[in-house]
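>>> just coords:
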């Protein structure tokens, strides 16, 4: 079946744009998609990372006790500024705290991030484990100082362009190439068909990720002129369209008066009224030591049939007055639903573990499509039109790209093993990250040294096989929690999958 494609001139322009864009972005996109594929299971890895939390039940959370504990342990913690508390869940049984310290007069605001054990109430300013957070940050290049997120955002934009041009240039023979896929024939034809078939299979998924990724990473940049022109230079007015807590007004001249004592009674009322239908996933407080103190609750529906499942309610602590309500299936605002829909689509949080598995497979399809595109680019230039030096340059680019991409697989296995082998305590996260990025660099250099696609691929496949087997062995040796005897689902599934 043949479809009408673009004219020769348009085809050539789009073809070269698609090729150049793809070659420049391929390695970065590979890292983003592979790290993102593992990030989908960030919560599922949590108990594998935190062995000391595997057998503990989650106690009932007392917001007042948490805030008093944080205020006592953190020097100059500012209870009057925005403070966010994420409640523990079965998958992530730690309390997450985000707030502010009181800054010196001449400095800007100082942020604070910590994690608290819900049983012992021990507070750690740094993350206690590395796997989930490292891969999550890697999937939007946050490890690159200052420019990482912007770079990932612009890569997402150009990925949209690359996808659209790819569809256009293959449009004429789209179905023919799809159904004629075969591993027989010359290399160029094999990589052409593979690139086309896996591109078609993952197209909706890839386009969704490119658009939602660009939305998250470049939203602040895009909104800057909008805020200045339409919202009087006040960004909180725009944020309130997505998160209603930003729409609450406070009196900076309000009288000093501690509202901490009001929290337990109000929290109990909220549990009694909403606890059966909704689960509280966190609170945000502001002006806790002033008369106009506010607590904002964030809920998630217990019903799996609700797509836009998050809800928001705010109370004035002094008298329990309700300031706003945006609850699913009741009075949720349209703008809140849209922002949440983007979040669910990007993180795959609306269809349970089976949707995450599908996302994971499609991410691997995308990684293969990117690799096949690089190999196709090289094979297409392996002819008499190009000089020896040009061919050698194409070979070097291909080898470097393959080495960077394929070595990430075994490096992730090293990250898991290092998480269990490196002792807990101060410096744990930085040491594990050093081992991870160091092993990735060493494996990349070995791949470049091998200087052949086949040898490089076999080397990384063998390294991945050995290191994958090492992951459950290291976990069993260090925790005595072997996958055939553990009762923690997340632990044995992680070990078996490796």
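Okay, I see it. All figures in this text were calculated on a predicted structure; none of them were measured in a lab.
>>> where's residue 474, which helix or strand?
Using DSSP states H and E, residue 474 sits within helix 453-479.
>>> before we move on, what about residue 24?
Here residue 24 is assigned to helix 8-39, by DSSP H and E.
>>> Residue 142 now?
Counting by DSSP H and E, no helix or strand carries residue 142.
>>> residues in contact with the residue lying closest to it once chain neighbours are set aside?
Take residue 142 and drop its neighbours on the chain: the residue closest to it by CB to CB, 6 or more residues apart in numbering is residue 148, 5.0 Å away. Quick note: C-beta positions are derived from backbone N, CA and C, even for glycine. Residue 148 is in contact with 140-142, counting by CB atoms under 8 Å, 6 or more residues apart in numbering.
>>> Residue 148 and residue 133, how far apart?
14 Å (CB to CB, to the nearest Å).
>>> Which single one of the contacts of residue 148 is nearest to residue 312?
Nearest to residue 312 among the contacts of residue 148: residue 140, at 25.4 Å, using CB to CB.
>>> What's the local residue count around the closest one?
By other CB atoms under 10 Å, the residues close to residue 140 number 23.
>>> Then residue 94?
Residue 94 has 23 nearby residues by other CB under 10 Å.
>>> in terms of contact, does it touch residue 87 like I think?
No: using CB atoms under 8 Å, residue 94 is not in contact with residue 87, being 9.9 Å away.
>>> Show me where the stretch 151-300 of the chain has its strands.
All strands of the stretch 151-300 of the chain, identified by DSSP state E, counting those that start in this stretch, fall at 278-286, 294-301.
>>> Dihedrals phi and psi, residue 313?
With angles defined as degrees, to the nearest 10, residue 313 sits at phi -140, psi 140.
>>> Now for it: which residues touch it?
Residues in contact with residue 313 (CB under 8 Å, 6+ apart) are 270, 274, 296-297, 299, 322, 324-327.
>>> And for residue 468?
413, 498.
>>> now do the one 3 residues further on
If a contact means CB under 8 Å, 6+ apart, then residue 471 has 413, 416-417, 494-495, 498 as its contacts.
>>> how far out from the middle of the chain is the single longest helix found in the chain?
Criterion DSSP state H: the longest helix present in the chain is helix 187-230. Centroid separation for helix 187-230 versus its chain: 15 Å, with CA atoms, centre = their mean, to the nearest Å.
>>> quick revisit: among the contacts of residue 313, which are in helices?
270, 274.
>>> Not counting sequence-adjacent ones, nearest residue to residue 85?
In space, residue 85 is closest to residue 283, 5.3 Å off (CB to CB, 6+ apart).
>>> what about residue 103, distance to residue 67?
Separation of residue 103 from residue 67 (CB to CB) stands at 20 Å.
>>> ok, these two, which is more surrounded?
More neighbours surround residue 67 than the other of residue 103 and residue 67, with 21 against 14 (other CB under 10 Å).
>>> Now for the more buried one: which residues touch it?
Here residue 67 is in contact with 79, 83, 85, 260, 263, 285, 288 (criterion: CB under 8 Å, 6+ apart).
>>> and the residue sitting nearest the centre point of the chain, what does it touch?
Centroid-nearest residue in the chain: residue 136, 4.3 Å away (criterion: CA atoms, centre = their mean). When contacts are counted by CB under 8 Å, 6+ apart, residue 136 touches 35, 39, 42.
>>> Got phi/psi on the closest residue to residue 443 other than its chain neighbours?
Once flanking residues are discounted, residue 443 sits nearest to residue 407: 3.6 Å by CB to CB, 6+ apart. With angles defined as degrees, to the nearest 10, residue 407 sits at phi -70, psi -20.
>>> Please report how far residue 407 lies from residue 447.
Applying CB to CB, the value for residue 407 to residue 447 is 6 Å.
>>> go on, residue 255?
Noted for residue 255: a distance of 66 Å to residue 447, by CB to CB.
>>> One more: residue 395?
13 Å.
>>> So for the two, which residue has more residues nearby?
Between residue 395 and residue 447, counted using other CB under 10 Å, the more crowded position is residue 447 (25 against 16).
>>> Which positions within the host helix or strand of that one qualify as buried?
Residue 447 belongs to helix 428-450 when assigned by DSSP H and E. Within helix 428-450, the residues scored as buried using 16 or more other CB atoms under 10 Å are 428-429, 431-433, 435-437, 439-440, 443-444, 446-448, 450.
>>> do stretch 146-157 as well
Judged by neighbour count (16+ other CB under 10 Å), stretch 146-157 contains these buried residues: 148-150, 152-156.
>>> likewise stretch 295-308?
Buried positions in stretch 295-308, judged by neighbour count with 16+ other CB under 10 Å: 295-301, 306, 308.
>>> Quote the end-to-end distance of it.
Stretch 295-308 has an end-to-end distance of 22 Å (CA to CA, to the nearest Å).
>>> tell me the mean pLDDT over it?
Averaging pLDDT along stretch 295-308 yields 86.
>>> do stretch 66-86 as well
For stretch 66-86, the per-residue pLDDT averages 89.
>>> How far does that stretch sit from its chain's centre?
Centroid separation between stretch 66-86 and its chain, computed with CA atoms, centre = their mean, is 26 Å.
>>> What is the end-to-end distance of that stretch?
Start and end residues of stretch 66-86 are separated by 11 Å (CA to CA).
>>> just to revisit the earlier point, and the helix holding residue 474, how far from the chain's centre?
Relative to its chain's centre, helix 453-479 lies at 24 Å (CA atoms, centre = their mean).
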